[in-house]
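> Fold the following.
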Amino acid sequence: MSEGRLCSGERVLLIDAKDRRYLVTLSEGSAFHTHAGIVEHDNVIGLIEGSTVRTNGERSFLVLRPTLSDIVLKMPRGAQVIYPKDLGAILIQADVGPGMRVLEAGVGSGALSMTLLRAGATVVAYEIRADFAEVAKRNVESALGRDVPYDVHLRDVTSGIDEVGLDRVILDMPEPWKVVAHAADALRPGGIFLAYLPTITQTQLVREALAEQPFALAETAEVLRRTWHVEGRSVRPDHRMVAHTGFLTSARLVVRPNRAQ
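This is a model prediction of the structure:
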């Protein structure tokens with residue numbers, strides 16, 4: 001991408017004057033139709049990122065490459081995605097970094113998979129629904145390409161985990177408490193288990209299951225994100241915020257009493 005110029009085949013974000021955002025894959029000879037007019041892809045290809053392009057109706061769009069957050073919120077969905085505010089918190093709470101081996105279960109539309117892969121992890125994913133698995137694989141490939149360490153298996157994680165010596169087990173599924181014992185066998189000592197759940201009653205069951213296994217430092221948190229309106233002397237919280245979306249529960253595997261020191 002010489003000088004940051006936009007190329008055919010890549011995705012861009014078109015942003016109008018009202019901050020409405022459109023995710024578009026550029027293709028020579030194609031056009032993007034909006035209520036504000038038509039944006040010819042050929043007029044975008046070759047521009048430097050951050051440029052402005054006009055429609056045939058003389059409206060303007062700012063053109064940028066999308067962030068991962070933009071992609072997650074705009075990509076095709078097979079299931080409800082984890083919100084970007086929670087994705088960032090998951091990376092920190094589970095301490096995911098380059099080279100880590102992560103088992104993910106419940107891939108949904110691939111938002112968490114993308115986030116883990118972008119952080120440099122190698123991801124093995126378990127998913128029971130073939131349609132969700134295909135959507136996730138397409139979304140990951142579209143965002144990150146084919147050459148990423150991402151292996152999706154159609155299987156039920158509550159039946160067991162084949163991998164051993166994992167650094168992290170991260171779950172986005174309805175009954176993760178059924179996986180806690182399997183995770184204890186699959187994780188290396190010091191490894192981290194994390195479950196993402198919408199309700200506190202589900203979370204309580206996870207905490208109870210963790211207490212029965214050799215896990216320590218259990219923690220449950222939620223992330224509330226409130227943006228602010230800042231314009232001249234008008235400074236106030238925005239009227240809308242992304243409040244509760246899910247509970248993040250994590251714990252670290254410790255050495256079993258009968259495990260060799």
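
> how near is the residue lying closest to residue 72 once chain neighbours are set aside to residue 247?
Counting by Cβ to Cβ, 6 or more residues apart in numbering, residue 72 lies nearest to residue 111, which is 4.5 Å off, once chain neighbours are set aside. Yep, even glycine has a C-beta here, placed from its N, CA and C like the rest. Using Cβ to Cβ, to the nearest Å, one obtains 17 Å as the distance from residue 111 to residue 247.

> Looking at the two, which one has more neighbours?
Using other Cβ atoms under 10 Å as the criterion, residue 111 and residue 247 rank with residue 111 on top: 29 against 20.

> Quick check: the more buried one vs residue 43, distance?
Counting by Cβ to Cβ - residue 111 and residue 43 are separated by 31 Å.

> Same question for residue 109.
31 Å.

> Extract the C-alpha trace of stretch 212-219 and format it as PDB.
Extracted C-alpha coordinates of stretch 212-219, given in PDB (Å, rounded to 0.1, in the frame of the first residue of the first chain):
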ATOM      1  CA  GLU A 212     -14.500 -27.100  43.000                       C
ATOM      2  CA  GLN A 213     -11.400 -27.300  40.800                       C
ATOM      3  CA  PRO A 214      -7.800 -26.100  41.300                       C
ATOM      4  CA  PHE A 215      -8.400 -22.500  40.300                       C
ATOM      5  CA  ALA A 216      -7.400 -19.400  42.200                       C
ATOM      6  CA  LEU A 217      -7.800 -15.600  41.900                       C
ATOM      7  CA  ALA A 218     -11.400 -15.900  40.600                       C
ATOM      8  CA  GLU A 219     -12.700 -12.500  39.500                       C
END
